[in-house]
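> Pasting the sequence and the predicted coordinates here, then a few questions.
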Amino acid sequence: MAQVKRLRVDGQRNRERIVAAAAELVARDGAQASLEEIARQAGVGSATLHRHFPSRQALLEAVFRDGVAQLCARAAAQPGKEPAAELAAWLEELTVYTATHRGLAFALLGGPAGLTAEDICCTDMLRDVLNVLVARASSRGALHAGATTEDLMMLANAIAVANEKDPLTARRVLRLALTGIRP
């Protein structure tokens, strides 16, 4: 079994400062925020940033991981009694969250490239949860036979991208789109 390398206290502190600076700058500038500016604001060099985060994708995953983990926990807590309604409600929550958090949709569409096995990939967490919700809805005949997890992830993300910083419109457009996925 591979052993996860623990960071020294100063390394952990640098990582936390990088993520905090990235969160602030991504909120302001979006997913394409300058990595140099993130490093400068965190008080570290570019090499330190890249030691902790080998790619922009890895850094964005870290920035968004906590919020996505909370979304996933709420989906996992669904009782499974009304799969279609639970799937629709969770997709709505995901779409509103991604529309509100500038750059998340682009990060999720990018996939887990550049992450190590030790990293928890929020894209994979979302897909795992969505797979369960889709399977439940499909097993009850509450989902169009051709609709896949990937389709629904793309739908939610596309609506979020189109309505970034406008969660009310994102919610409305998703609701319109979801009426088309039910048989």
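Right, received. Where do you want to start?

> mind listing what Val63 touches?
Contacts for Val63 were tallied using Cβ atoms under 8 Å, 6 or more residues apart in numbering; they are 19, 22-23, 26. (Glycine included, C-beta is placed from N, CA and C.)

> Please flag which of those residues sit within helices.
19, 22-23, 26 (DSSP state H).

> for these, which one is nearest Asn157?
Proximity of the ones in helices among the contacts of Val63 to Asn157 (Cβ to Cβ) peaks at Val26, which lies at 16.1 Å.

> Now for the closest one, how many residues are close by?
Each residue near Val26 was counted by other Cβ atoms under 10 Å, and the total is 22.

> quick one: it and Arg56 touch, right?
No. Val26 is beyond contact range of Arg56, at 10.1 Å (criterion: Cβ atoms under 8 Å).

> re the thing from before, I'd like the contacts of Val63 as a markdown table, with distance to Ala69 and pLDDT appended.
Shown next, in a markdown table, are the contacts of Val63 (distance: Cβ to Cβ, whole Å; pLDDT from 0 to 100):
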| residue | distance to Ala69 | pLDDT |
| --- | --- | --- |
| Val19 | 14 | 92 |
| Ala22 | 17 | 92 |
| Ala23 | 15 | 87 |
| Val26 | 17 | 86 |
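
> Just list what the host helix or strand of Ala85 packs against, helices and strands only.
Assigned by DSSP states H and E, Ala85 falls within helix 83-100. If contacts are counted by 3 or more Cβ pairs under 8 Å, 6 or more residues apart in numbering; DSSP states H and E, helix 83-100 sits against helix 56-76, helix 104-110, helix 122-139, helix 149-162, helix 167-178.

> Output the below-cut-off pLDDT ranges for the protein.
Applying pLDDT under 70 to the chain flags residues 1-5, 7, 104-121, 181-183.

> Would you map out the domains in it?
Listed by automatic domain parsing, the domain ranges of the chain are 7-53, 55-178.

> tell me the most buried of those domains?
Of all the domains of the chain, domain 55-178 has the most neighbours on average by mean count of other Cβ atoms under 10 Å, namely a mean of 18.

> for it, how far is the first residue from the last?
Using Cα to Cα, to the nearest Å, the end-to-end distance of domain 55-178 comes to 34 Å.

> Now do Ala58 against Leu35, distance only.
11 Å (Cβ to Cβ, to the nearest Å).

> do the same with Glu164
21 Å.

> again, but for Gly11
From Gly11 over to Leu35 (counting by Cβ to Cβ), the distance is 18 Å.

> Surely Val129 and Gln70 touch.
No. If you go by Cβ under 8 Å, Val129 and Gln70 don't touch, sitting 11.4 Å apart.

> All set now, cheers.
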